[in-house]
Every structure is written in structure tokens, then in C-alpha cells.
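Undergrad: missing the sequence, but the structure's below:
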């Protein structure tokens, strides 16, 4: 008896009208009529056919094919296997090499002609779909609506796809960010205050400096978004799939291809403040962020001579000495100090300050407040979502009833599709919110805080994003390090503001000597 493997795929992007179950059942009936035994069922749910990457069901089918578990691959249509012309041709060659036959419900046994024609048609379909999607976006744009997702400062208008309205609370934060940046504050300084005040970030959690500054090349980030000044900029980027990896890649389009549409009712900041922010950013820009010069050492520019106040500079690899003596001959300090020893001692001072009972209590208190805030936010989001969901589901029920009683099916179906999208958006909003298991107090918060502090040196020595963040945080806490020669080893005075970590507690961390 011929053994057949069934393959089914459902693409949520293309809103395929048949479910996986429907496809599989139709294939089972076809196999039964032909006297075949179903050796296995393979499927991929909510997966695009534009690429063969990230499709575990198809990968498993190919592995079983190499093992000789079946002789026929049975699927509803050829585009269930792939819509990419290159992929479907390669798949056909691989299966034929293994002695397998591809059979579809639409065309029966597949040959080279099917592969060529059907593969070409499927590829053209994807291109046509992309063009139709783009035309739909432009139509929405011309109606003053956003073709993209949610943006900070705005609320989605349920039942009106693409429509947005200004969120007053978030808009106030946007204006504050523009105002403070134009006044000379850095994104890192701005987010430090926002996080200290527990202002929720756009995606929840803590603010990040890149959320404000964004990318120079891609022109994203809050201070670069022209929507805040009442302009939608469309077609700024193109998303393409790398054929080697299947991953989506951003490519910046030339400015001549951008489509700009005015939406003055969505303006949050004035053109004057937007222009001032742009001019300041341009004056500070020295190329892409990755090419900007970073401090070579943890405390570069922070270390001073205790005798004359001049900076300590590198005099030989790994050691610093007084620039006042070396460059200006105004200081008698001839000693040099190893950079690593200065860093280790300063980190020890910071760790010691952070591990005082008052600091630990402040950290736990801050943690507790944040957990309670997240719990309250979760409850608010769930209550609002439940209310909105009930309203949408009631509308869906009325439309279904109208369709059943002979209403105008095309118009009702279009409205039903909009409401279904609204329902999914509400459900996604609830799923993306803070998890339910938010405790009032984490039972081991103090111990966890102590462990984090004790691993401070290891954190700043990491060569990744977390290490960069740890170094920047330490540099912000330390304003000056004064090194004074003394018998045995130099004295080191650390000046800074550890109180910035927990400002609400009013802790004095202005200076410590070691």
C-alpha cells in the first residue's frame, strides 16, 4: 500500500479561508479514495509561504522523506508548500531525488510544468499582494490615517482602522522630552528622570535612551518622528526577506520615495520646538551612534590629581599620572597609578555605599513601589480591555444575526472583518500587558539586590549591551575621582551622587574616601 504524508499550512497574513483541520481532512479523504495509507501529518500554522525558513512542520516532513517513511507528499495545492518560485523548484528536485511524488488536490500528480507555472503564479501573487497592501496603505494615508501600528502619544480608535487620537497623558511626556532635549539635556539624562518618576515607557517597563534618540539612518525615535509635528511619513523603509536566512531586514528608501501627508489634528509639538530639536541633534551628530568615540576606560575624564586638580592622563599603558606636571609643569606630583587599581577601589567604594542598610532598604522600597504600580496598571488594562471586548463582541453578534436574516452580506462581511481585527487588537493588548503574577513584595528582594551589587565589577567588564549600560550608569553616579599620593598607596576620594538611584529617599551619597 502506498504511504502518503499530508502537509497543510495556514497563513494568517493571507487570511486563508480554510483551517489546517479542513485541509488535512480533505487530504485524508483523497488518500482514502486512492487506497493510500496516511503515514504522517505535518503542518505549519500562521506561517507565510514566501519562505521555507522557520517552518518546523515542513522541515520535519523533509527529514522523514529522507528516511523513506512515505512515497507521496499530499497537499491541498502547490502553494501550501511554498509560494517562492526558487523554493518550490528546489523542493520538487529534492523530493524527486528521494523517489517521492508530489500530489495536490487541485492538480493531481505534480510535474515540472506544474512547478514552473504554479510557482510563477504564486510568486506573482505575492508581488501583487504586496502592491495591493501598499495601495491600501496609501489610501488610508490620504484619508489622514496611519498605515502602521501604535505610536506613543496616541490611542487607537476602535472600529476605525488607522484612526488615531492624541493621548493627553502621553502627549505631555512627549512635549517634555522635546522641551528638555532642546534645552540641552541628553536622552540619557531625560530617561533617568522619567524612570526615577516611574513614568511608563512606550512598551512598558523602563525607558531607554535609544527610545528618545533613535537611529540617524532610519530616522526613528521620539525626537525624530514627524508625526509629533503633524506629518505622516510613509514608505521611509522597505522590509525584505533575506533568501539565505528568511529573516526580515529593514532597508532605508531614498527620501525622494517618501510620501508625506499632513495630519495637523495629530500634532503634539510646535514646528518651532521640532526644528530646534533637529538643529541640536544635527550639531551633536558625528556620524552613526556606533562610530562615536566611547571612553577608553571606565572613569576616563573623571580622575583628578589631589595636589593640583588637573586631570590624570595615561602616561604609559595601564597607568595614569598628573597632566599638570607633565604638560604644564605646575605640579610636583610625580607618582603614577594603575588604572585597574583605581577602578577596583572605586567600584569597591560604590558597592560598600550601596550595601548599607539604608541603601538596601531604599532599593527594596523602590522595587515594592514599582511592583505595586505594575499590578495597578495591569488591573486597569484588564478592566478597560474587558469593557472594550464586550462592546466589540456585542457588535459582532448583531452583525452575524443580520447576515443570517438576509442582510447586505458584502457590506456586513466587511464590517465584520473590521470588528474581528478590533477584537484581536484588544486581546493582544491584554496579552502584552504586565503578567498577573505581580507580587506586592518580592520575598528575596534584599538578597537579590545584594547579589547584583556584589557582581558589580563583573558587570562593568562585560563586552555587550548590558556591560555598556552598567558602565554608563557607574559613570553617571561618579562625577569626580580625586587621587592623592600617600605613603603605601594613594588615597582616593569618590565624589558623586548615589542618591540619584533612589531620589525619593533623600539619601546622601555625595562623597566617600578610601
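TA: Yep, it's here. A quick note: this is a predicted structure, and the numbers were derived from the prediction, not measured.
Undergrad: what secondary structure does the residue sitting furthest away from the middle of the chain sit in?
TA: Distance to the chain centre peaks in the chain at residue 332, reaching 53.6 Å (criterion: CA atoms, centre = their mean). Following DSSP: H, G, I helix; E, B strand; the rest coil, residue 332 is assigned to coil.
Undergrad: helices or strands up against the helix or strand containing residue 452?
TA: Using DSSP states H and E, residue 452 sits in helix 445-454. For helix 445-454, the contact count by 3 or more CB pairs under 8 Å, 6 or more residues apart in numbering; DSSP states H and E identifies helix 339-354, helix 357-404 as packing neighbours. Quick note: C-beta positions are derived from backbone N, CA and C, even for glycine.
Undergrad: okay, those helices, which one's buried deepest?
TA: Ranked by mean neighbour count, the helices and strands packed on helix 445-454 are led by helix 339-354 with a mean of 18 (mean count of other CB atoms under 10 Å).
Undergrad: still on that earlier bit, so after the helix holding residue 452, what's the next helix or strand?
TA: helix 456-460.
Undergrad: can you point out the buried residues in that next one?
TA: Across helix 456-460, burial judged by 16 or more other CB atoms under 10 Å covers 456, 459, 460.
Undergrad: list the contacts of it.
TA: 298, 344, 347, 350, 351, 466, 467, 470, 471, 474 (CB atoms under 8 Å, 6 or more residues apart in numbering).
Undergrad: was I right about the third one contacting residue 474?
TA: This means residue 347. Yes. With contacts counted by CB atoms under 8 Å, residue 347 reaches residue 474, the gap being 7.5 Å.
Undergrad: sorry, back to before: isn't the residue farthest from the centre of the chain up against residue 307?
TA: Yes. The pair residue 332 / residue 307 is scored as a contact, 6.8 Å apart, by CB under 8 Å.
Undergrad: which pLDDT value goes with residue 93?
TA: Here the pLDDT value assigned to residue 93 is 86.
Undergrad: assumed it was part of a strand.
TA: No. Residue 93 is assigned helix when assessed by three-state DSSP, not a strand.
Undergrad: any idea how far residue 55 is from it?
TA: Separation of residue 93 from residue 55 (CB to CB, to the nearest Å): 18 Å.
Undergrad: neighbour-wise, which of the two wins?
TA: Higher neighbour count among residue 93 and residue 55: residue 55, with 22 against 12, using other CB atoms under 10 Å.
Undergrad: still on that earlier bit, out of the contacts of helix 456-460, who's nearest residue 10?
TA: Closest approach to residue 10 among the contacts of helix 456-460 (CB to CB): residue 466, at 38.4 Å.
Undergrad: read off the pLDDT value for that closest one.
TA: For residue 466, pLDDT reads 61.
Undergrad: returning to that earlier point: okay if I get the helices and strands packed on helix 445-454 as JSON lines plus mean pLDDT?
TA: Shown next, in JSON lines, are the helices and strands packed on helix 445-454 (pLDDT from 0 to 100):
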{"stretch": "helix 339-354", "mean pLDDT": "85"}
{"stretch": "helix 357-404", "mean pLDDT": "78"}
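Undergrad: make a markdown table from these and add distance to residue 482 to it.
TA: Shown next, in a markdown table, are the helices and strands packed on helix 445-454 (distance: least, CB to CB, whole Å):
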| stretch | distance to residue 482 |
| --- | --- |
| helix 339-354 | 11 |
| helix 357-404 | 23 |
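Undergrad: from residue 307, how far off is the nearest residue to residue 228 once chain neighbours are set aside?
TA: Spatial nearest neighbour of residue 228, excluding adjacent residues (CB to CB, 6 or more residues apart in numbering): residue 268 at 4.7 Å. Computed as CB to CB, the residue 268 to residue 307 distance reads 53 Å.
Undergrad: neighbour count for the two, which is higher?
TA: Per other CB under 10 Å, whichever of residue 268 and residue 307 has more neighbours is residue 268, with 23 against 18.
Undergrad: Provide a list of residues in contact with that one.
TA: Residue 268 neighbours (CB under 8 Å, 6+ apart): 153, 166, 171, 174, 175, 228, 229.
Undergrad: now it: how far from residue 392?
TA: Counting by CB to CB - residue 268 and residue 392 are separated by 28 Å.
Undergrad: relative to residue 101, how far out is residue 1?
TA: 15 Å.
Undergrad: more crowded one of the two?
TA: Ranked by neighbour count (other CB under 10 Å), residue 1 and residue 101 place residue 101 first, with 16 against 8.
Undergrad: any idea how far the spatially most central residue of the chain is from residue 211?
TA: Centroid-nearest residue in the chain, with CA atoms, centre = their mean: residue 203, separated by 8.5 Å. The gap separating residue 203 from residue 211 is 8 Å, by CB to CB.
Undergrad: residue 223 too?
TA: 10 Å.
Undergrad: just residue 366 next, same as before
TA: In terms of CB to CB, residue 366 sits 21 Å off from residue 211.
Undergrad: likewise residue 355?
TA: 31 Å.
Undergrad: ok, residue 65 next?
TA: 47 Å.
Undergrad: list the contacts for the residue lying closest to residue 163 once chain neighbours are set aside?
TA: Nearest in space to residue 163, with sequence neighbours left out and distances taken as CB to CB, 6+ apart, is residue 157 at 3.8 Å. Residue 157 is in contact with 163, 164, 165, counting by CB under 8 Å, 6+ apart.
Undergrad: out of those residues, which is nearest to residue 107?
TA: residue 163 (43.8 Å).
Undergrad: what's the neighbour count on the closest one?
TA: Residue 163: 16 neighbours (other CB under 10 Å).
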